[in-house]
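K.L.:
Here is a sequence with its predicted model. Questions after.
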Amino acid sequence: MDRSVVRPVASDTSTVPPGAACWSRAQVATGSPATPAPAVDDRPVLDRWLHSETARLVRQVTEAMERFDTQRAGALLSDFVGDLSNWYVRRSRRRFWDGDPSALTTLHQTLDTLTRLMAPVVPFITERVWQDVVRPVDATAPESVHLAAWPAADPGAEDAELSAAVSLARRLVELGRAARAEAKVRTRQPLSRALVGSSAWAALTDELRREVAEELNVGTVEPLSGAGADLVDFSAKGSFRALGKRFGKQTPRVAAAIARADAAALSESLALDGRAVVNVDGEDVELHPDEVVVAERPREGWSVVNEQGETVALDLELTPVLLRAGLAREVVRLVQEARKSTGFDVSDRIVLVWQADGETAEALRENGALVAGEVLATEIHEGQPVADPVPPVDGTPAGAVVRDEDLGLVFSVTRV
């Protein structure tokens, strides 16, 4: 494989295409949006969730600190920072790039509160954050975080129902990832659909369903409903050890009845009701979950994962359109690597020019808008990659040309 940066490319910074400056460097540094954010109740679901989780964090950390339980407070803060970074910020990055007022305001308010809560535990880091993030936006903020008031708990801002729904969405994402891993399908390869169990489907709003779809890189998320039997082959047998404790000498007959029963119906009943009934010599016998061993085997073309009553099934059929979309995602990865190795800032806009053959070329023609959105390209077009060397700007090259033999692709990235 030959993948190398060839040489810097020229960049004309005399003009900036419309829309390229939608997020200034000042906004990147401070999280201050150009326009006011709507009220919390009118913001997207992830913003409302973070507002609720922040309110809960204030209450819990305050309670822990009042009991001098710094270990509990530290654990709460650590878990919250993980959720903030690995869920909210990652899921909202496109909105940050676009300077979305709701996203920027919600994040800034959260960082303000979080910095105050963490100040007694990590005094020097929080002081730096306070000076770099909070004070540039809020002229009335105290000179130091250690002079700022402790956040007031507001139980009315907590939304337990929303918290449970987002937790469910995140669990479904984990199950979907497990299904991908089991089927050995890369996350970058788009799939047509994911099916989720009916109870989970009903608990998710349309917004959260879209979040799950984007996280799993699937076209749609749909209810499993009655399709379970069409996706999975079930088999059931009795657990002789568990059955023996209750049925003694009758155990073989109960086990035979389990083997004759509809395994899919047994599985559904045990999962939903925690019990199932089989007919043994004309008499109905109730069974407990530990007395029945149910095995599931996904049918060809599906990957199904079930855990604690929640099911995610991925449709593994790869059409030519999906395969080309997967190739486009590979191009996105290469461009992101080129941006990083060239030293571009995370918010820099670029011009992307490419040459390719065969399926890669077709993939880029079909998915140009997707690629542009992912790599922050204000322009993307097919042509001769630019390769005129120019002096670096602030020590950073204006761009680079990259060649990848595996994809039959040559492209140039030029900072706007």
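P.N.:
That came through, no problem. Everything quoted here is computed from the prediction, not taken from an experiment.

K.L.:
Show me the domain layout of the protein.
P.N.:
Domain assignment for the chain, taken from automatic domain parsing, gives 3-15+321-415, 31-153, 162-185+190-317.

K.L.:
ranking those by mean pLDDT, which is last?
P.N.:
Ranked by mean pLDDT, those bottom out at domain 3-15+321-415, which scores a mean of 81.

K.L.:
wait, isn't L409 in contact with V332?
P.N.:
No: checked against C-beta atoms under 8 Å, the pair L409 and V332 is beyond contact range at 11.8 Å. No exception for glycine: its C-beta is placed from N, CA and C like everyone else's.

K.L.:
more neighbours, those two?
P.N.:
Between L409 and V332, counted using other C-beta atoms under 10 Å, the more crowded position is L409 (23 against 18).

K.L.:
Which phi and psi values does the more buried one adopt?
P.N.:
Backbone torsions for L409, taken as degrees, to the nearest 10, come to phi -130, psi 140.

K.L.:
Can you tell me the closest non-neighbouring residue to it?
P.N.:
Using C-beta to C-beta, 6 or more residues apart in numbering and skipping residues adjacent in sequence, the residue nearest L409 is A356, 4.5 Å away.

K.L.:
what's the spacing between whatever helix or strand L76 lives in and its chain's center?
P.N.:
Using DSSP states H and E, L76 sits in helix 70-83. Distance of helix 70-83 from its chain centroid, counting by C-alpha atoms, centre = their mean, to the nearest Å, is 21 Å.

K.L.:
and L323, what element?
P.N.:
Per DSSP H and E: helix 320-342 holds L323.

K.L.:
Other residues contacting that helix?
P.N.:
Residues from elsewhere that reach helix 320-342 (C-beta atoms under 8 Å, 6 or more residues apart in numbering): 3, 5, 186, 188-192, 217, 318, 348, 350, 352, 354, 359-360, 362-364, 366-367, 370-371, 374-375, 377, 396-397, 399-400, 402, 404, 407, 409, 411, 413.

K.L.:
any idea how far the one residue sitting closest to the centre of the chain lies from A75?
P.N.:
By C-alpha atoms, centre = their mean, the mean C-alpha position of the chain lies nearest to E215, the distance being 4.1 Å. Between E215 and A75 the distance is 26 Å, computed by C-beta to C-beta, to the nearest Å.

K.L.:
From the contacts of helix 320-342, list just the buried residues.
P.N.:
5, 189-191, 217, 318, 348, 350, 352, 354, 360, 362-364, 367, 370-371, 374-375, 377, 397, 399-400, 402, 404, 407, 409, 411, 413 (16 or more other C-beta atoms under 10 Å).

K.L.:
Confirm V285 sits in a helix?
P.N.:
No: when DSSP: H, G, I helix; E, B strand; the rest coil is applied, V285 is found to be strand, with no helix at that position.

K.L.:
my guess is it contacts N279, does it?
P.N.:
Yes: V285 is in contact with N279 according to C-beta under 8 Å; the separation is 7.5 Å.

K.L.:
Please say which of these two ends up with more neighbours.
P.N.:
More crowded of V285 and N279, by other C-beta under 10 Å: V285, with 19 against 11.

K.L.:
Check the spacing between the more buried one and L266 real quick.
P.N.:
Distance of V285 to L266, computed by C-beta to C-beta: 12 Å.

K.L.:
before we move on, what about A203?
P.N.:
For A203, the distance to L266 - C-beta to C-beta - is 25 Å.

K.L.:
Counting neighbours, go ahead and name the busier of the two.
P.N.:
Shown here are A203 and L266; by other C-beta under 10 Å, L266 has more neighbours (20 against 16).

K.L.:
Verify the assumption that the more buried one is located in a helix.
P.N.:
Yes: L266 forms part of a helix when assessed by three-state DSSP.

K.L.:
picking that back up, from R324, how far off is the residue nearest to L409?
P.N.:
12 Å.

K.L.:
One more: L46?
P.N.:
When L46 is compared with R324 (using C-beta to C-beta), they lie 30 Å apart.

K.L.:
Same question for A153.
P.N.:
Distance from A153 to R324, by C-beta to C-beta: 52 Å.

K.L.:
again with L224
P.N.:
28 Å.

K.L.:
mind listing the strands in this protein by residue range?
P.N.:
3-5, 191-196, 218-223, 232-238, 276-280, 283-287, 292-298, 302-307, 310-315, 350-356, 377-382, 399-404, 409-415 (DSSP state E).
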